[in-house]
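>>> sequence plus the predicted model coming up.
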Amino acid sequence: MRFHTEYLTVNTKRQRDYINITGEVEAALKKSEIREGMILVSAMHITASIYVNDAEDGLIQDIDEWLERLAPYREDYRHHRTGETNGDAHLKNLLMHHQVIVPVTDGRLDLGPWQQIYYAEFDGQRKKRAIIKVMGE
Amino acid sequence: MRFHTEYLTVNTKRQRDYINITGEVEAALKKSEIREGMILVSAMHITASIYVNDAEDGLIQDIDEWLERLAPYREDYRHHRTGETNGDAHLKNLLMHHQVIVPVTDGRLDLGPWQQIYYAEFDGQRKKRAIIKVMGE
Amino acid sequence: MRFHTEYLTVNTKRQRDYINITGEVEAALKKSEIREGMILVSAMHITASIYVNDAEDGLIQDIDEWLERLAPYREDYRHHRTGETNGDAHLKNLLMHHQVIVPVTDGRLDLGPWQQIYYAEFDGQRKKRAIIKVMGE
């Protein structure tokens, strides 16, 4: 069994942002020379997510508004007593989940026609990391 | 290490539907002859989910109503400017997540007593696919 | 490839509770002697979740209140016609997802600085189980 591990560094200009990282995951797969297996793509922070969905700008804005409705910024989160102001970013992370597994078949990402891998930042403007771990043969 | 990959094709009569696919996953495991490992079950579309929960019809209706409350159909999603009308199906997919990992121990699905694997369709009446990938030894 | 499987038993005093199980996952990794791979941590019940987030008590209360807002206790869930009263616990499980994959690199949990692994109980005061399955080399 072979393993290949990379760390992706992200530093968004905006506090919330959605970045298509499908190319980075494909590049990691190529370096790994793995033909069958899977790739774990996982945010290493608790205020960011990895998800799979469409690369369509209107939808990304819909997602952002929807997240703000279900997990809104509020001043009175208990978490803010620690001095933090990012309680909503933790809840958005939980809602969207922080990781995906991408299947690898015949040396390629075995995704459906519209499936793209995104890094979703909910508390940006600082250096954050995600792990890409390819496992297989 | 061994791998066994199958693609499940689904075409629901209703726009939204919930299909118990535990039997299909078990059949794939049997074909794989894998005794220890895991199975990735993952929707290949961005308007469908895979989840694990109870095979109880009342609960499934509760889930469907709850999803419509949290990620409702709306005409004014920005995504609809592309000509699509399925913005809510994308959000439901994100809420329910598109994949699960099923552990395999001693040649069987290592699930709890009430855990059943479901394919949840949010934009049906067309051919959709899910991948079942068994990995292990 | 090596596998190591453990079952964690949980019995919370409260109906809902949040338990940091990072130490248990680390102990399972140590026993496995695996240096590269991944660990599946998965609730074996449909009214409990596994998630990764911060070990901060205020935040945990925020999460609990937020879950009750998005997936509230209600008497009139259809699921309750079976005699159960835990419809909300099923929905909370779906919202929070029931499993995570923890990457293993150089013999350690490859988590970010604030990432802790939690078992979230939504229908406690009874014996529940989670599986910890380490896979790798």
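Happy to help now that I have it.

>>> could you use CA atoms for every contact and neighbour count after this?
OK.

>>> residues near A:R14, how many?
13 (other C-alpha atoms under 10 Å in any protein chain shown).

>>> hmm, stretch A:112-120 in reach of chain B?
Yes. Contact between stretch A:112-120 and chain B, assessed by C-alpha under 8 Å from any C-alpha of the partner chain, occurs at A:G112, A:P113, A:W114, A:Q115.

>>> centre-most residue in chain A?
With distances taken as C-alpha atoms, centre = their mean, the residue of chain A nearest its centroid is A:I50 (2.1 Å).

>>> what sits against it?
A:V41, A:S42, A:A43, A:M96, A:H97, A:H98, A:Q99, A:V100, A:I117, A:Y118, A:Y119, A:A120 (C-alpha atoms under 8 Å, 6 or more residues apart in numbering or on different chains).

>>> could you pull out the strands for chain A?
A:2-10, A:17-20, A:37-43, A:48-53, A:99-105, A:108-109, A:116-121, A:128-136 (DSSP state E).

>>> give the pairing partners of the fourth one; include direction for each.
So the one you mean is strand A:48-53. strand A:116-121 (antiparallel) (DSSP bridges).

>>> so how far is the partner strand off the chain centroid?
4 Å (C-alpha atoms, centre = their mean, to the nearest Å).

>>> show me what from chain A comes close to chain C.
Listed as neighbours of chain C in chain A under the rule C-alpha under 8 Å from any C-alpha: A:1, A:3, A:40, A:44-46, A:70-71, A:77-81, A:87, A:90-91, A:94-95, A:97-99, A:129, A:133, A:135.

>>> check those for burial and list the buried ones.
Buried members of these, counted by 16 or more other C-alpha atoms under 10 Å in any protein chain shown: A:3, A:40, A:44-46, A:70-71, A:77-79, A:87, A:90-91, A:94-95, A:97-99, A:129, A:133, A:135.

>>> list the buried residues for the top helix by length along chain A?
Among the segments of chain A that qualify as a helix by DSSP state H, the longest is helix A:57-70. Of all the residues in helix A:57-70, those buried under the rule 16+ other C-alpha under 10 Å are A:G58, A:L59, A:I60, A:Q61, A:D62, A:I63, A:D64, A:L67, A:L70.

>>> what is it packed up against?
Here helix A:57-70 touches helix B:87-96, going by 3 or more C-alpha pairs under 8 Å, 6 or more residues apart in numbering or on different chains; DSSP states H and E.

>>> is the helix it packs on anywhere near chain A?
Yes. Residues of helix B:87-96 contacting chain A under C-alpha under 8 Å from any C-alpha: B:G87, B:H90, B:L91, B:L94, B:L95.

>>> and the closest residue to A:M44 other than its chain neighbours, how many neighbours?
Computed as C-alpha to C-alpha, 6 or more residues apart in numbering or on different chains, the closest residue to A:M44 that is not its neighbour in sequence is C:G112, at 4.4 Å. Each residue near C:G112 was counted by other C-alpha under 10 Å, and the total is 16.

>>> now do C:G112 against chain B, distance only.
22 Å (C-alpha to the nearest C-alpha, to the nearest Å).

>>> follow-up on the earlier one: list just the nearest of the residues of stretch A:112-120 next to chain B to chain B.
Chain B lies nearest to A:G112 out of the residues of stretch A:112-120 next to chain B, by C-alpha to the nearest C-alpha, at 4.4 Å.

>>> quick one, what contacts the closest residue to A:T22 other than its chain neighbours?
Distances taken as C-alpha to C-alpha, 6+ apart put A:I117 closest to A:T22, at 4.9 Å, once the chain neighbours are dropped. A:I117 makes contacts with A:N20, A:I21, A:T22, A:I50, A:Y51, A:V52, A:N53, as judged by C-alpha under 8 Å, 6+ apart.

>>> my read is that the second one contacts A:Y118, right?
Put plainly, it is A:I21. Yes. Assessed by C-alpha atoms under 8 Å, A:I21 is found in contact with A:Y118 at 5.5 Å.

>>> between the two, which one's more packed in?
Neighbour tally, A:I21 and A:Y118, criterion other C-alpha under 10 Å: the higher count belongs to A:Y118, 22 against 16.

>>> that one: what's it in contact with?
Per C-alpha under 8 Å, 6+ apart, neighbours of A:Y118: A:Y18, A:I19, A:N20, A:I21, A:T22, A:I50, A:Y51, A:V52, A:N53.

>>> burial of A:V25, as a residue count?
22.

>>> who does the closest residue to it other than its chain neighbours bridge with?
Sequence neighbours aside, A:I132 is the residue nearest to A:V25 in space, at 6.9 Å (criterion: C-alpha to C-alpha, 6+ apart). Beta bridges link A:I132 to A:E6, A:V41 when assigned by DSSP bridges.

>>> neighbours around the nearest residue to A:P103 once chain neighbours are set aside, how many?
Distances taken as C-alpha to C-alpha, 6+ apart place A:M38 nearest to A:P103, at 4.4 Å, with adjacent residues excluded. Using other C-alpha under 10 Å, A:M38 has 23 neighbouring residues.

>>> how much space separates A:M38 from A:H98?
17 Å (C-alpha to C-alpha, to the nearest Å).

>>> number of nearby residues for the residue lying closest to A:I46 once chain neighbours are set aside?
Nearest residue to A:I46 in three dimensions, chain neighbours excluded: C:N53, at 5.3 Å (C-alpha to C-alpha, 6+ apart). Neighbour count of C:N53, defined by other C-alpha under 10 Å: 22.

>>> correct me, but C:N53 touches C:W114?
Yes. In this structure, C:N53 is within contact of C:W114 by C-alpha under 8 Å, at 7.1 Å.

>>> and for these two, which residues touch both?
The contact lists of C:N53 and C:W114 share A:I46, where a contact means C-alpha under 8 Å, 6+ apart.

>>> list only buried entries from the residues of stretch A:112-120 next to chain B.
Buried among the residues of stretch A:112-120 next to chain B (16+ other C-alpha under 10 Å): A:G112, A:Q115.

>>> export the residues of stretch A:112-120 next to chain B to JSON lines and tack on pLDDT?
As requested, the residues of stretch A:112-120 next to chain B are exported to JSON lines (pLDDT from 0 to 100):
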{"residue": "A:G112", "pLDDT": "97"}
{"residue": "A:P113", "pLDDT": "94"}
{"residue": "A:W114", "pLDDT": "96"}
{"residue": "A:Q115", "pLDDT": "98"}
